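J.: Got a predicted model here, sequence first, then my questions.
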Amino acid sequence: MTADFPAGFFETVPTGQAGAAGLDDAAVAAIRDLYSDLGIDGRVLDLCGAGLDQFDVPPDELVVFDGDPNEPLSYGDDAFDDVLCTGGVGTFTHPRDTFADVARILRPGGRFVCTFTTLLFTEEAVRGWVSTDDAGRVRIVRAYFSLAPAFGPAESDLRTSLSGTGDRLWAVWAAKRR
């Protein structure tokens, strides 16, 4: 993937924000609204362990991933209706592989939904993620989707107020081609 991104982009570096308390109430409400708007349901994989509190109406089955998303996912082909990633996409050191593997485990038409805020809730992230702003991060995730041919065009949206107080929650998602 180095041909698509500058040298050193995927090196992990400290975020300087480790130990943050987590999403504020407005960001959690925005995620709930997003999942409701998208109709997230069925068998759902949560790559970042966010949990059921981020749903107004929980899916039929929520599988919380307990592993490294930079490694191959140990699920069968077409195993999930949707896959969620709350705050973790900035830690992907091999996003082309990760996005391809997510596409493999998604059923046709299933969505991969990545959300993030300005605050970084991990001790480390990739250099390219840490060194840019929210708009740059949206462009990065959209680029990841464009490099995964199994996905259709990505959509993105700011789900909280740009001018209000609190965490700004961004969402970028795409559906697996049928």
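T.: Arrived safely, thanks for sending.
J.: What count of nearby residues applies to residue 111?
T.: 21 (other Cβ atoms under 10 Å). Glycine gets a C-beta too; all of them are placed from N, C-alpha and C.
J.: For the protein, just list every one of the strands.
T.: 12-14, 43-46, 61-64, 80-86, 106-117, 124-126, 155-158, 169-175 (DSSP state E).
J.: buried set for the last one?
T.: What that stands for is strand 169-175. By neighbour count on 16 or more other Cβ atoms under 10 Å, the buried set for strand 169-175 is 169, 170, 171, 172, 173, 174, 175.
J.: and what of the first one?
T.: By neighbour count on 16+ other Cβ under 10 Å, the buried set for strand 12-14 is residue 12.
J.: Strand partners (parallel or antiparallel) of that strand?
T.: strand 124-126 (antiparallel) (DSSP bridges).
J.: dump the residue contacts of the most centrally placed residue in the chain.
T.: Geometric centre of the chain, nearest residue: residue 114, 2.3 Å, by Cα atoms, centre = their mean. When contacts are counted by Cβ atoms under 8 Å, 6 or more residues apart in numbering, residue 114 touches 85, 89, 141, 171, 172, 173.
J.: give me that answer again for 6 Å
T.: 85, 89, 141, 172 (Cβ atoms under 6 Å, 6 or more residues apart in numbering).
J.: likewise residue 99?
T.: 144, 148.
J.: Local confidence estimate at residue 124?
T.: In this model, residue 124 is scored at 87, pLDDT.
J.: hang on, isn't residue 69 packed against residue 46?
T.: No. Assessed by Cβ atoms under 6 Å, residue 69 is found out of contact with residue 46, at 10.9 Å.
J.: what's across from the residue nearest to the centre of the chain in the sheet?
T.: Beta-bridge partners, per DSSP bridges, of residue 114: residue 85, residue 172.
J.: Flag the shaky bits of the protein, pLDDT-wise.
T.: 1-3, 17-21, 163 (pLDDT under 70).
J.: what do you get if the cut-off is 50, keeping everything else the same?
T.: By pLDDT under 50, the weakly predicted segments of the chain are 1-2.
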